[in-house]
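Student: Got a predicted structure plus its sequence, pasted below:
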Amino acid sequence: MAPRKRLSPEESRSAALQAARALLIESGPQSVTLKAVAGRIGRTHANLLHHFGSASGLQKALAEHLAWTVCETIKDAVRASRVGLGTPREVVDLAFDAFDKEGAGALAGWMLLTGNEDALDPIIEAIHALVDEIAPEEAEHGRLDGMRVHEDTLTLVLLALGDALMGQALAKSLGLPRQTARDRAEQLLMASVLEHAAQDAG
């Protein structure tokens with residue numbers, strides 16, 4: 001049997017977060033436990049306890065990891081759409097997929113239900129940082145109403161989170177196509193872009 005590769009603390013933590021993310025997507029947030037993650041990466045429970053302190057610490061670290069990864073992707077999509085290389089729909093799909101397919105919505109909901117009151121902090125901080133970085137760029141592009149970015153982001157994130165948690169059941173109940181919430185989010189972003197383009201032109 002080959003000896004187990006010795007990982008640096010950073011490598012060990014990164015491997016644990018990747019394994020936790022895979023478990024989240026495969027089996028849901030309840031499967032993201034120290035024991036399950038340790039088993040997947042061939043480490044001990046004590047090793048993960050050292051890195052994260054508890055199961056809730058692991059979940060919070062995973063939420064932060066997901067949030068920053070998603071926000072970097074969304075930021076790139078926003079910049080691409082500004083120069084004609086992307087569309088508002090791509091930004092919408094990235095946000096909705098992050099909360100749905102990537103499991104961020106289910107993870108946030110699970111953490112809140114299990115009493116981890118600061119569960120949303122890392123997600124909120126990452127989104128806030130994203131908005132703070134994009135808003136000054138808006139001014140550089142001649143758009144002086146920086147609050148537009150905050151408003152659009154708030155709307156998009158709340159729609160994406162709500163859709164991840166109950167969008168499928170609600171759309172079915174109302175007799176609407178599954179992508180209806182995404183379509184509405186796209187329409188809202190497009191309307192916002194057109195409105196402020198008209199203000200810039202004026």
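Tutor: Received the coordinates, thanks. Since this is a predicted model, take the numbers as computed values, not measurements.

Student: what pLDDT, on average, does the strand or helix carrying residue 192 get?
Tutor: Per DSSP states H and E: residue 192 is located in helix 180-201. On average, the pLDDT along helix 180-201 is 81.

Student: Please spell out which residues along it are buried.
Tutor: Residues of helix 180-201 classed as buried by neighbour count (16 or more other Cβ atoms under 10 Å): 181, 182, 185, 186, 188, 189, 192, 193, 196. C-beta coordinates here come from the backbone N, C-alpha and C atoms, glycine included.

Student: Contacts for that helix, please.
Tutor: By Cβ atoms under 8 Å, 6 or more residues apart in numbering, the residues outside helix 180-201 that reach it are 88-89, 91-93, 95-96, 142-143, 145, 148, 151-152, 155-156, 159-160, 162-163, 167, 171, 177.

Student: for stretch 168-177, same thing?
Tutor: In this structure, residues lying in contact with stretch 168-177 by Cβ under 8 Å, 6+ apart are 178, 180, 181, 183.

Student: elements contacting the worst-scoring helix or strand of the chain on mean pLDDT?
Tutor: Ranked by mean pLDDT, DSSP states H and E, the weakest helix or strand in the chain is helix 121-140, scoring a mean of 73. The criterion is 3 or more Cβ pairs under 8 Å, 6 or more residues apart in numbering; DSSP states H and E, and the helices and strands that helix 121-140 contacts are helix 55-82, helix 147-174.

Student: Helix 55-82 and that helix, what's the angle between them?
Tutor: In terms of direction (axes from the mean of the first three to the mean of the last three Cα atoms, to 10 degrees), helix 121-140 departs from helix 55-82 by 20 degrees.

Student: what angle do helix 121-140 and helix 147-174 make?
Tutor: With the same axes, to 10 degrees as the basis, helix 121-140 and helix 147-174 are set at 130 degrees to each other.

Student: how does the protein divide into domains?
Tutor: Domain assignment for the chain by automatic domain parsing gives 8-53, 56-201.

Student: hey, least reliable of those by pLDDT?
Tutor: Lowest mean pLDDT within these: domain 56-201, a mean of 81.

Student: How far does that one sit from its chain's centre?
Tutor: Distance, stretch centre to chain centre, for domain 56-201: 7 Å (Cα atoms, centre = their mean, to the nearest Å).
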